[in-house]
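Colleague: 3D, please:
(2 chains)
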Protein chains: 2
Amino acid sequence: MKKKNLALGVDVGGTNLKCAIINEAGKVLLLRKAQTEVEKGRSQILSNIKSLVHACLKEKRLSAGDLAGIGLGTPGYVVDGVILGSPNMPGWHGTPIVETMSREFAAPFFASNDVTLAALAEYRYGQDAAVRNMVMYAIGTGIGGGIIVDGRVYEGSFGMAGEMGHVIVAAGGRLCGCGVRGCVEAYASATAIKNMARELLEKPEGPKSLIHRAVKGEPDKVTSKIVYDAAKAGDAAALEINEVVCRHLAVAVSGSISIFNPELIVLGGGVMQAGDIIMNRVREYLPKFTLADPLSRCRLDYAKLGEDAGVIGAAALAFQMTSRIP
Amino acid sequence: MKKKNLALGVDVGGTNLKCAIINEAGKVLLLRKAQTEVEKGRSQILSNIKSLVHACLKEKRLSAGDLAGIGLGTPGYVVDGVILGSPNMPGWHGTPIVETMSREFAAPFFASNDVTLAALAEYRYGQDAAVRNMVMYAIGTGIGGGIIVDGRVYEGSFGMAGEMGHVIVAAGGRLCGCGVRGCVEAYASATAIKNMARELLEKPEGPKSLIHRAVKGEPDKVTSKIVYDAAKAGDAAALEINEVVCRHLAVAVSGSISIFNPELIVLGGGVMQAGDIIMNRVREYLPKFTLADPLSRCRLDYAKLGEDAGVIGAAALAFQMTSRIP
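Modeller: Numbering: from 1, shown residues only, chains lettered A, B, ... in the order given. Predicted coordinates:
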């Protein structure tokens, strides 16, 4: 049988669907978007995915049988082919995604958590050096994680592994969206940064910061970008928030270093667009929290593929699952 | 070639060497001990290991060539066949163990961290249920860890993985032996329990506890066993220490659940001889710190093989490394 050197990936987001066709070198041959239409419920989402995939295949004059496989990344977990726990997409929970899509397309179909797949893309196509073990933190509205062990995605016993955002960094501390207190997501996500800035803005006393000026008296308008613009301009209050972010992020990363002894940890997601003001401070904090030996052998770097990592990783999953070579 | 269904394991401890010959079912056919004689330096330790292995082979009328392989567990890390970072065994650091032993014995030779190998033994022979992913905490003088991923030991990129004792559970908190503040080892190891009890004994004020009575005015005599005997008798001060132990242990274990989504986490080591007073309290604390979904699918249980897990796991490593089937 001729080796099939194209794969198709789908990334299911709360707002948009993305579909990409890539080759084994990770080159994106086609990338198209459509609306997810979460509010219209499960069957509409599935129908939108199918239409988008069919349209992409048609545009490249391919049939599903020409592909090594199709991979799909989604918020939540994929357990035995069924999507679980995607809190921001009601109706999506319980979708038998593998069965449904396997019936539609004559290609091997695989699905996994979106951040896990972003990590796979970073591992295979984003980073220069050859590494075997890698952990990724995707720092956006929440904090997701992806784990690569010996060159393959590690999904855990039930597809729920890599919840790096819910590792405790301050037991009993700030309340996280998951209901637990002290998760790193409650200190270093865009949501956490916004919440900390809002608390600052709502304090009646104290000197005013650049953040106050930017939101013009409307604390709800604060974003992590506003906070980081202020921090980069030297604003003391914003820099204080950055200290909280970086210190807790360093505690979380230190745990990954002690546990995985990886060659590489990558930080990605929207918050990391702030850049070195976070990265350098996390690097400075790490020795305070981490065993020297594994720290000295681990590189901390940016995710390189940006917001398309998820859809590229989805296609990469199809390559991984249909190939003997990782 | 005939399949070789015996393997030999060596466990190098600070005081004793152990050597065992096991079959693939994990049955121990022979177990012998000798002194490590750490104080006499590297060549004496190596010579003691060789003598013990030769004696065991002779006793069972075997030659090294009859074995699937020889495995060795040691404190510290094994990086490219060389032992690194075993702080309590000066002179052992830097030993090219794989080369040395491969020259002595005509069998495939493998070496790894002792707790990693204890985890392998628990995984293969200690637990009833079939699991794929497991994390072990060995809670003794320090806290070691071992990680099983898809049925095989996970050693990390440089053999240093599984440092579960040095995961931060209280950033900036109690000083750990590694020099970092806030590691779980600084809260839940025998050393930590002793230190916390000693601090209590040295406080001039406050009511006297059963711990005071047991050490008869000599705080240096306190042990974790004394503390747990007092806790089981209902002593308030000892129970307070147990709360600190269990709360921080639960924070550490919660991280492993969020990260690995394993079927099983096992707690072993001398401190766990205290039993349910620790285990039950850790179980009670876990929901406070852990995502509900992966928690509900993870069992927390005792290590079953006791102090011979290390030497059994060393032999099991030889089976793992010389077999295609994990």
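Colleague: any low-confidence regions in chain A?
Modeller: Within chain A, the stretches with pLDDT under 70 are A:1-2, A:206, A:324-326.
Colleague: domains for chain A, by residue range?
Modeller: Here the domain assignment for chain A is A:6-124+A:307-321, A:130-303, based on automatic domain parsing.
Colleague: Between the ones you listed, which one is closest to B:Lys203.
Modeller: Shortest distance between B:Lys203 and the domains of chain A, using C-beta to C-beta, is found for domain A:130-303: 24.6 Å. Yep, even glycine has a C-beta here, placed from its N, CA and C like the rest.
Colleague: Now the terminal residues of the closest one, how far apart.
Modeller: With C-alpha to C-alpha, to the nearest Å as the measure, the first residue of domain A:130-303 is 15 Å from its last.
Colleague: got it, and stretch A:169-185?
Modeller: End-to-end distance (C-alpha to C-alpha), stretch A:169-185: 9 Å.
Colleague: what's the answer for stretch A:292-308, then?
Modeller: 34 Å.
Colleague: A:Tyr77 is in contact with A:Gly159, isn't it?
Modeller: Yes: taking contacts as C-beta atoms under 8 Å, A:Tyr77 lies within contact range of A:Gly159: 4.6 Å.
Colleague: how about the strands of chain A, start to end?
Modeller: A:6-12, A:16-23, A:28-35, A:69-74, A:77-79, A:82-84, A:109-113, A:134-139, A:143-149, A:152-153, A:264-268, A:299-302 (DSSP state E).
Colleague: wait, which of those is closest to B:Thr322?
Modeller: Distances from B:Thr322 to each of these were compared by C-beta to C-beta, and the smallest falls on strand A:143-149, at 21.5 Å.
Colleague: Could you point out which of the strands of chain A sits nearest B:Ser189?
Modeller: Judged by C-beta to C-beta, the one of the strands of chain A that comes nearest to B:Ser189 is strand A:134-139, at 25.6 Å.
Colleague: Partner strands of the closest one, with direction?
Modeller: On the basis of DSSP bridges, the sheet neighbours of strand A:134-139 come out as strand A:143-149 (antiparallel), strand A:264-268 (parallel).
Colleague: any idea how far that strand is from the chain center?
Modeller: When C-alpha coordinates are averaged (C-alpha atoms, centre = their mean, to the nearest Å), strand A:134-139 and its chain have centres 7 Å apart.
Colleague: Please list the outside residues in contact with that strand.
Modeller: Strand A:134-139 is touched from outside by A:115, A:118-119, A:122-123, A:127, A:143-148, A:164-165, A:188-190, A:249, A:252-253, A:256, A:260, A:262-272, A:303, with contacts defined as C-beta atoms under 8 Å, 6 or more residues apart in numbering or on different chains.
Colleague: Just put the strands of chain A in a markdown table and tack on mean neighbour count and distance to A:Pro90.
Modeller: Conversion of the strands of chain A to a markdown table gives the following (neighbours: other C-beta atoms under 10 Å in any protein chain shown; distance: least, C-beta to C-beta, whole Å):
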| stretch | mean neighbour count | distance to A:Pro90 |
| --- | --- | --- |
| strand A:6-12 | 27 | 14 |
| strand A:16-23 | 22 | 17 |
| strand A:28-35 | 15 | 17 |
| strand A:69-74 | 28 | 14 |
| strand A:77-79 | 23 | 16 |
| strand A:82-84 | 20 | 12 |
| strand A:109-113 | 26 | 18 |
| strand A:134-139 | 29 | 22 |
| strand A:143-149 | 28 | 19 |
| strand A:152-153 | 20 | 27 |
| strand A:264-268 | 24 | 27 |
| strand A:299-302 | 16 | 33 |
